[in-house]
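>>> the following comprises the amino acid sequence and a computationally predicted model.
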Amino acid sequence: MSVPFTSLFIDGKCRPASDNATYDVRNPHTGQLVGTAAAATSQDCTEAVEAAHRAYQSWEKTPLTVRRDIFLKAADLMSEERYKQKLAVAMTEETAAVDFVLLFNIMATIGIAREYAGQVLQYKGLSFPSGIPGGHAVEVRKAKGVVFGIAPWNAPVVLSLRAMAIPILCGNAVVLKCSEVSPRSQAIIVELFKEAGLPDGVLNFISTTRADAPARVAEIIAHPLVRVVNFTGSDVVGRIIAGEAAKYLKPCVFELGGKSPVVVLEDADVERAARAITSSALLHSGQICMSTERVIVSRKVAPALTKALTGLFKKIHAGGANDELGALFREDSAVKVVEMLKDAKDKGAKILVGDLTREGAVVQPHLVADVKTDMWIWNRETFGPVTTLVEFDTVEEAIELANATDYSLIAALWTQNVNAAFDVGSRIRASSVNINGPTIHVEGAGDGVSGLGGATGYGHFDVDSFTDVRTLVIHPAQNQQYPVVG
């Protein structure tokens, strides 16, 4: 049986790898072969960067309204049934995504493409009087050049869009590297923008084997024409990429892991909190950087919240065609999740829901109580259908627990006291804190959500990150006195 082939896309043309090498793509749940993809060589990567550089030199001069209209056209195309069906098939086969995740990728791509199109209005400089009497200074924004974007598999279209959208709207050209597990899903972005009228070379697409990825990524970062790197993925890989970029003093924009805490104060609406926590903990089997991984609850309401969460977690199942949750994206991911759960139990944690087992890449929901801050499961992102419970006696203790991690992406706080919402919420170390809501929510698409450093990443997917500000100082026409010459 033949399976789809995903090619490279360089300088406006679909093509195989220069040595015709390919690799297999398999469904993470069944192991079935669902496609093949081109395995880019060093030569392919170099040609992609050079094509991007050539395109950038003319693309930067393109009127902002033209750039905007291409993105609006792409959003309209994504609304068509043919693209929705294409994405649904690709994501189901490559990532075992369930219906909600498919719908999110479709609707979010449409909405974010339109919102990003509006970002061209932020492409502005400043004008102000110079320190020189009679002079004037003007700050102008200029595109940086070639941007290297790396996007993951878990929201393949949305995160591929984010990796290329603001850079391209700012006048840059992009080399986009996909995850080795979802090349067909991510290549849809390339097809979409090609049809929308994006000029050849402005967006280039490469895929690699997992084994080749470190070398190919290092080669692209080292290329002198690459000016900026953006990456969404694990903090482990992010640190490696940051180290490579540091060799050449190249700036990076990262969104890395999350270990989102939910702080539940004693006056919280426990039933509402339990529903939001369960949703954000288990959606996409916990494979979202904003997933709820830690629940920090007042001892006074801990019994009620624990009961509510236990009931909800027991109702949700993973793996079957009609189940709410899908498989994890690789079997070794499931192995790691189970190891973290067993480590927690061995160190005194209590497993309230779950059996510490897996079936291939499928892990059932797990709720874990009596977790301590020195446990592996507390300190590292599980990226699985798991959340943990820890109790506190004072608000200060709750804040300390929420901040007792190297992650700083998203948090949530449950309270009916508006003063506590502002006081406690502002002291939780997170880029965004949702009051009486789920952790899986970001307000607006413009800046992205890149946390406050550490294992979560830094920088924002915004105009500032992908443009240079250059200052033009206009000196007065009359003769001036200069040092040495008078």
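Thanks, I have the structure now.

>>> for T357, see how far away E219 is.
According to C-beta to C-beta, to the nearest Å, E219 and T357 sit 41 Å apart. Yep, even glycine has a C-beta here, placed from its N, CA and C like the rest.

>>> who's more crowded, the two?
E219 (17 against 12; other C-beta atoms under 10 Å).

>>> and the pLDDT at the residue of the chain most remote from its centre?
When distances are taken from the C-alpha mean of the chain, G486 lies farthest, 57.2 Å away, according to C-alpha atoms, centre = their mean. As predicted, G486 sits at a pLDDT of 79.

>>> counting by contacts, list what the helix or strand of the chain with the lowest mean pLDDT packs against.
Ranked by mean pLDDT, DSSP states H and E, the weakest helix or strand in the chain is helix 99-117, scoring a mean of 90. Applying 3 or more C-beta pairs under 8 Å, 6 or more residues apart in numbering; DSSP states H and E, we find helix 99-117 packed against helix 64-78, helix 81-95, helix 156-169.

>>> in the first one, what's buried?
If you call a residue buried by 16 or more other C-beta atoms under 10 Å, then helix 64-78 has these buried ones: R67, R68, I70, F71, L72, K73, A74, A75, L77, M78.

>>> cool, stretch 121-129 as well?
Buried, per 16+ other C-beta under 10 Å, within stretch 121-129: nothing.

>>> please save the CA atoms from that stretch in PDB.
The C-alpha trace of stretch 121-129 is given here as PDB (Å, rounded to 0.1, in the frame of the first residue of the first chain):
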ATOM      1  CA  LEU A 121       0.100  48.000  12.100                       C
ATOM      2  CA  GLN A 122       2.700  47.700  14.900                       C
ATOM      3  CA  TYR A 123       5.500  48.000  12.300                       C
ATOM      4  CA  LYS A 124       6.300  51.500  13.300                       C
ATOM      5  CA  GLY A 125       9.300  53.600  14.300                       C
ATOM      6  CA  LEU A 126       9.700  56.800  16.300                       C
ATOM      7  CA  SER A 127      10.500  60.400  15.600                       C
ATOM      8  CA  PHE A 128      11.900  62.800  18.200                       C
ATOM      9  CA  PRO A 129      14.100  65.800  18.600                       C
END
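
>>> can you list contacts of it?
Defining contact as C-beta atoms under 8 Å, 6 or more residues apart in numbering, one finds that stretch 121-129 is touched by 64, 135-141, 169-170, 446, 462-463, 467, 469.

>>> for the least confident helix or strand of the chain, the distance to its chain's centre please.
14 Å (C-alpha atoms, centre = their mean, to the nearest Å).

>>> after that helix, next one along is what?
Counting by DSSP states H and E, the next helix or strand C-terminal to helix 99-117 is strand 126-129.

>>> residues near S130, how many?
For S130, using other C-beta under 10 Å, the count is 15.

>>> who's the closest spatial neighbour of it, skipping the chain neighbours?
Ranked by C-beta to C-beta, 6 or more residues apart in numbering and with sequence neighbours excluded, the top spatial neighbour of S130 is A137, at 4.6 Å.

>>> next: T278.
L312 (4.2 Å).

>>> that neighbour: what's it in contact with?
Applying C-beta under 8 Å, 6+ apart to L312 gives the contacts A274, R275, T278.

>>> before we move on, back to that, which residues sit in contact with the residue farthest from the centre of the chain?
Listed by C-beta under 8 Å, 6+ apart, the contact set of G486 is empty.

>>> quick one: contacts for the nearest residue to V338 once chain neighbours are set aside?
Among residues not flanking V338 along the chain, R358 sits closest, at 5.2 Å (C-beta to C-beta, 6+ apart). Residues near R358 by C-beta under 8 Å, 6+ apart: A334, V335, V337, V338.

>>> picking up where we left off before, in the least confident helix or strand of the chain, what's buried?
Residues 101-102, 104-106, 108-110, 112-114, 116-117 are the ones in helix 99-117 that count as buried (16+ other C-beta under 10 Å).

>>> out of the residues you listed, who's nearest Y83?
Taking C-beta to C-beta as the measure, Y83 sits nearest to I106 out of these, at 8.0 Å.

>>> pretty sure that closest one is touching Q85, no?
No: with contacts counted by C-beta atoms under 8 Å, I106 stays clear of Q85, the gap being 10.0 Å.

>>> tell me which residues are up against the helix or strand hosting E339.
Of the helices and strands defined by DSSP H and E, E339 is found in helix 331-346. Residues outside helix 331-346 that contact it (C-beta under 8 Å, 6+ apart) are 28, 327-328, 351, 354, 356-358, 360-363, 366, 368, 371, 375-377, 380, 382-384, 386, 388.
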